[in-house]
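Enquirer: The sequence and its predicted three-dimensional model are supplied below.
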Amino acid sequence: MTSAPTIGVLALQGDVREHVRSLQATGARAVTVRRPAELEAVDALVVPGGESTTIWKLAEAFELLEPLRMRVKSGMPAYGSCAGMIMLADRIEGGVEGQQTLGGIDMVVRRNAFGRQVDSFEASLDFAGRGPMRAVFIRAPWVESVGADVEVLGLAEPGDRIVAVRQGPLLATSFHPELTGDTRVHSYFVEMVREL
Ligand SMILES: NC(=O)CC[C@H](N)C(=O)O
């Protein structure tokens, strides 16, 4: 890709503004996406943290679920944080009755996996070999298992759980880099978008 990519942030629910700011801090052009026409206009998409059941239901109500699935299937780069990671999972555990995802990453993601005692916590982890990073987890999922084509990019205590993965143009983290002001995950994603 030669010109600067336009990266959308799915703006149905969740911490949309924080992702827009993080993307802009890397120098990328960031826009919000709420309608199918807006989705068509972006080169890549961030699915924010929030509540995956709400994002799913609103995506259906806004007639975005199928268009989102199609774009992901056709190779659009996407990055999901927390609820966004759940949305990019092919399979989930602990979902509500009938909960659907967009899919794309060959993994099983367990919702609210770290348990009530540790609803929210911080951990230091190495993301993609880019040095220690402070990571914020909020009712976070973890990745229970991954398929052969999925690259593990980060593990976290407690339990050395998988919390960052990549499969081709799709990236997902259980934590929220948009909340810590550390732009390394967004920079990694923007680099991915530029390379594809
Ligand atoms: N901070 C988050 O995004 C939490 C995710 C939420 N527990 C869900 O299932 O969607």
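Expert: Now that the structure is in, tell me what you want to look at.
Enquirer: quick one: buried residues of the longest helix anywhere in the chain?
Expert: Secondary structure assigned by DSSP state H gives helix 184-195 as the longest helix of the chain. Going by neighbour count (16 or more other CB atoms under 10 Å), the buried part of helix 184-195 is 184, 185, 186, 187, 188, 189, 190, 192, 193. Placement of C-beta: from N, CA and C, glycine included.
Enquirer: between the residues you listed, which is nearest residue 113?
Expert: The nearest member of those to residue 113, counting by CB to CB, is residue 185 at 19.5 Å.
Enquirer: Pretty sure that closest one sits against residue 125.
Expert: No - applying CB atoms under 8 Å as the test, residue 185 and residue 125 come out as separate, 11.0 Å apart.
Enquirer: Touching both of these two, which residues are there?
Expert: Common neighbours of residue 185 and residue 125 (criterion: CB atoms under 8 Å, 6 or more residues apart in numbering): 133, 164.
Enquirer: that older thread, give me the contact list for the longest helix of the chain.
Expert: With CB under 8 Å, 6+ apart as the contact definition, helix 184-195 has outside contacts at 1, 5, 7, 19, 22-23, 25-28, 43-44, 46, 77, 79, 81, 127-128, 130, 133, 164, 166, 169, 171, 173, 177-178.
Enquirer: Would you write a PyMOL line that selects the buried entries of those?
Expert: Remark: buried members of those, expressed as a PyMOL selection using 16+ other CB under 10 Å:
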select buried, resi 5+7+19+22+23+26+28+43+44+46+77+79+81+127+128+133+164+166+169+171+173+177+178
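Enquirer: what bridges to the residue nearest in space to the middle of the chain?
Expert: Centre of the chain computed as the mean C-alpha position; nearest residue by CA atoms, centre = their mean is residue 80, 0.7 Å away. Beta-bridge partners recorded for residue 80 (DSSP bridges): residue 47, residue 172.
Enquirer: would you list the buried residues of helix 184-195 in TSV and tack on pLDDT and distance to the ligand?
Expert: Listed next are these as TSV, based on pLDDT from 0 to 100; distance: CB to the nearest ligand atom, whole Å:
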residue	pLDDT	distance to the ligand
184	97	19
185	98	15
186	98	16
187	97	21
188	98	19
189	98	17
190	97	21
192	97	21
193	97	22
